[in-house]
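prediction below, plus the sequence it came from.
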Amino acid sequence: AALQLGQVPGMVAALAVMFTSGENFLRDPALYALVALSQGPENLKMLGEAEGVHDTLLTTLQQQSLKLFPVAVDFLCRLLPDPRICNNTVQARGVLQKLLETLSMPKLTMVIAALHVLRSIAASIEASWEAANGSNVLTEEEAEFASS
């Protein structure tokens with residue numbers, strides 16, 4: 001069903017407008033709908049390219065809402081295998097800092113969600129490195145650094 005909805009002309013664009021509107025009554029249901037659409041792998045590229053979605057997603061993460069943080073994490077982690085999304089996430093001001101701060105929160109679901117993002121970022125970087133270098137064999141210097 002998610003794949004079919006993603007193919008409806010204008011669906012992703014309409015949800016992107018709702019999500020980026022800044023209005024909670026529009027943003028929250030739009031986020032849930034975008035997560036549902038991200039279940040269809042064919043929709044991921046289109047979702048990652050939708051105007052303003054990535055920036056609003058990062059803002060939602062930084063707000064650390066107990067309700068929306070895990071949902072935003074689920075969506076972001078589906079997008080992170082795209083090297084462009086991963087790069088933009090890592091370079092976004094304050095995002096990594098906020099994720100690290102989340103690790104010290106008493107709410108375990110928030111900590112686990114933050115760890116999931118960090119793990120997904122690491123996996124995306126590793127996949128990009130392997131794709132660029134053709135193998136996952138570490139040089140002697142890299143192996144020494146990893147063991148220290």
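That came through, no problem. The model shown is predicted, which means the values in this text are computed figures rather than measured ones. Residues are numbered from 1 along each chain as shown.

Met110 contacts Lys67, correct?
No - the pair Met110 / Lys67 is not scored as a contact, 11.0 Å apart, by C-beta atoms under 8 Å. Every C-beta, even on glycine, is put in place using the N, C-alpha and C of the backbone.

look at these two and report which has more neighbours.
Using other C-beta atoms under 10 Å, the more surrounded residue of Met110 and Lys67 is Met110, with 19 against 8.

what helix or strand does the more buried one sit in?
helix 108-133 (DSSP states H and E).

what about the helices in the protein?
2-6, 11-20, 24-37, 44-49, 53-63, 69-79, 83-91, 95-102, 108-133, 140-147 (DSSP state H).

I'd like the ones you listed as CSV, with mean pLDDT appended.
Converted to CSV, the helices of the chain look like this (pLDDT from 0 to 100):
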stretch, mean pLDDT
helix 2-6, 59
helix 11-20, 88
helix 24-37, 90
helix 44-49, 88
helix 53-63, 93
helix 69-79, 94
helix 83-91, 95
helix 95-102, 95
helix 108-133, 93
helix 140-147, 71
